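Asks: got a predicted structure plus its sequence, pasted below:
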Amino acid sequence: MEKPTKRILSGVQPSGDLHLGNYLGAIKNWVGLQKDHETIYCIVDLHAITVPQEPKSLSTATHEVAACLIASGIDVNNSILFNQSQVPQHAELAWLFNCVARLGWLNRMTQFKEKAGKNRENATVGLYAYPTLMAADILAYKATYVPVGEDQKQHLELTRDIAIAFNSMFGEKFFPIPDPIIQKTAARIMSLRDGTSKMSKSSASDFTRINLNDDDDLIAQKIKKAKTDSEPLPDNVRELEERPEARNLVGIYAALTNQTEGDVLLEFSGEGFGKFKPMLAECLINTISPIRNEMNVILSDTVELDHFLAEGSKKAQSIAEPILAACKSVMGFVQSSN
């Protein structure tokens, strides 16, 4: 077997209720990447606590996300899968990066403004500074590539800035400058009720999204009630530009069947949603049903699941520990030789 040419790291928050947007926007891509690359996948529970968390819910959500990743095809024997809080190098390196990053850089981070909202004075310091923790997540492993969505590109730019600044401050190319891997097809799955809004678990209506634990009948109902228009599907993507709900459903079908949107339109050109929606529902059920069933099996034995996470954490720490030690040596910290 050839050695991997890239070290890839990506993470997902244990927010619970993973949905189709998470699967098509990230997880499906992760599964494919592990075939030819060294892949490290992290459940970022330290990021989760930047907003208040109920302890039992955090634990449950961590298990659910881990089970979903494994059920979706992440191979714990081929990829490193762990939860972030079990590897202390993340938090320690984040503090070192807090002393490299500049306040102005963090002030430009748009996600803090969005998440803190008008009540910014009551937001936690962790929420403000979590982009430096994200940089530590990546650079603790000297990852060279990071799969990101469009809304995360800014944080990866900060990671690159921190790596460049560190290398400049200490006069050596210690950290690599990681590059993004941006999935072009279905990178953003939109709400089933509003094609201009991203699919999200925070939406009040459950019918705006397809959850990965939805049963088959519920999936079919949600697609049947998904917002569309009365026009038939065109034969080219350009004609969908002013039809966001239609384009969203076409994009979902394309991602599920590994086609382009153009290919899907050639197949369904001139057809109405009365024919298209049942076909889409069938594709969704065929994809989600085995994931849901396997998740349930995995979650029936959380002791075994915790074992997988602990083993992954040991593997992750074996990479991150010497990198952090070398980083501290470069910075001039006195360290024990033991």
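Replies: That came through fine.

Asks: alpha carbons only: can I get stretch 126-133 in CSV?
Replies: The C-alpha coordinates for stretch 126-133 follow below in CSV (Å, rounded to 0.1, in the frame of the first residue of the first chain):
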residue,chain,number,x,y,z
GLY,A,126,-14.0,31.0,24.5
LEU,A,127,-16.5,31.9,21.7
TYR,A,128,-14.4,34.9,20.8
ALA,A,129,-11.0,33.0,20.8
TYR,A,130,-12.2,29.7,19.4
PRO,A,131,-10.6,30.3,16.0
THR,A,132,-7.2,30.0,17.6
LEU,A,133,-8.3,26.6,19.1
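
Asks: quick one: contacts of it?
Replies: Stretch 126-133 has contacts (C-beta atoms under 8 Å, 6 or more residues apart in numbering) with 46-47, 49-51, 90-91, 94, 97-98, 101, 106, 109, 112, 115-116, 155, 158-159, 162. (Each C-beta comes from the backbone N, C-alpha and C, glycine too.)

Asks: need the phi and psi values for Ile40.
Replies: Backbone torsions for Ile40, taken as degrees, to the nearest 10, come to phi -130, psi 120.

Asks: in contact with it, which residues?
Replies: For Ile40, the contact set (C-beta under 8 Å, 6+ apart) comprises 7-10, 79-80, 141, 143, 316, 319.

Asks: in helices, which of those appear?
Replies: Counting by DSSP state H, the contacts of Ile40 place 316, 319 in helices.

Asks: on that earlier part again, would you write a ChimeraX line that selects the buried entries of the contacts of stretch 126-133?
Replies: Restricted to buried positions by 16 or more other C-beta atoms under 10 Å, the ChimeraX selection for these reads:
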select :46,47,49,50,90,94,97,98,101,106,109,112,116,155,158,159,162
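
Asks: quick one: the helices in the stretch 1-150 of the chain, in order.
Replies: Assigned by DSSP state H, counting those that start in this stretch, the stretch 1-150 of the chain shows helices spanning 20-22, 28-33, 45-48, 55-72, 89-98, 103-107, 110-116, 125-139.

Asks: can you check what angle separates the last one from helix 89-98?
Replies: Per axes from the mean of the first three to the mean of the last three C-alpha atoms, to 10 degrees, the angle that helix 125-139 makes with helix 89-98 is 110 degrees.

Asks: from the contact counts, what lies against the lowest-mean-pLDDT helix or strand in the chain?
Replies: Sorting the helices and strands of the chain by mean pLDDT, DSSP states H and E puts helix 110-116 at the bottom, at a mean of 74. Judged by 3 or more C-beta pairs under 8 Å, 6 or more residues apart in numbering; DSSP states H and E, the packing partners of helix 110-116 are helix 125-139, helix 153-170.

Asks: any chance of the ones you listed in CSV, with distance to Ile285 and mean pLDDT too?
Replies: Formatted as CSV, the helices and strands packed on helix 110-116 follow (distance: least, C-beta to C-beta, whole Å; pLDDT from 0 to 100):
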stretch, distance to Ile285, mean pLDDT
helix 125-139, 35, 93
helix 153-170, 33, 93
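
Asks: most tightly surrounded among those helices?
Replies: Ranked by mean neighbour count, these are led by helix 125-139 with a mean of 22 (mean count of other C-beta atoms under 10 Å).

Asks: now that one, how far from the centre of its chain.
Replies: 15 Å (C-alpha atoms, centre = their mean, to the nearest Å).

Asks: what's the answer for stretch 235-243, then?
Replies: Chain-centre distance of stretch 235-243: 28 Å, with C-alpha atoms, centre = their mean.

Asks: mind listing what's buried in that stretch?
Replies: Under 16+ other C-beta under 10 Å, the buried positions of stretch 235-243 are 237, 240, 243.

Asks: between its first and last residues, how far does that stretch reach?
Replies: End-to-end distance for stretch 235-243: 14 Å, by C-alpha to C-alpha, to the nearest Å.

Asks: with stretch 198-206 instead?
Replies: Taking C-alpha to C-alpha, stretch 198-206 runs 14 Å from one end to the other.

Asks: model confidence over it, on average?
Replies: For stretch 198-206, mean pLDDT is 87.

Asks: sounds good, over and out.
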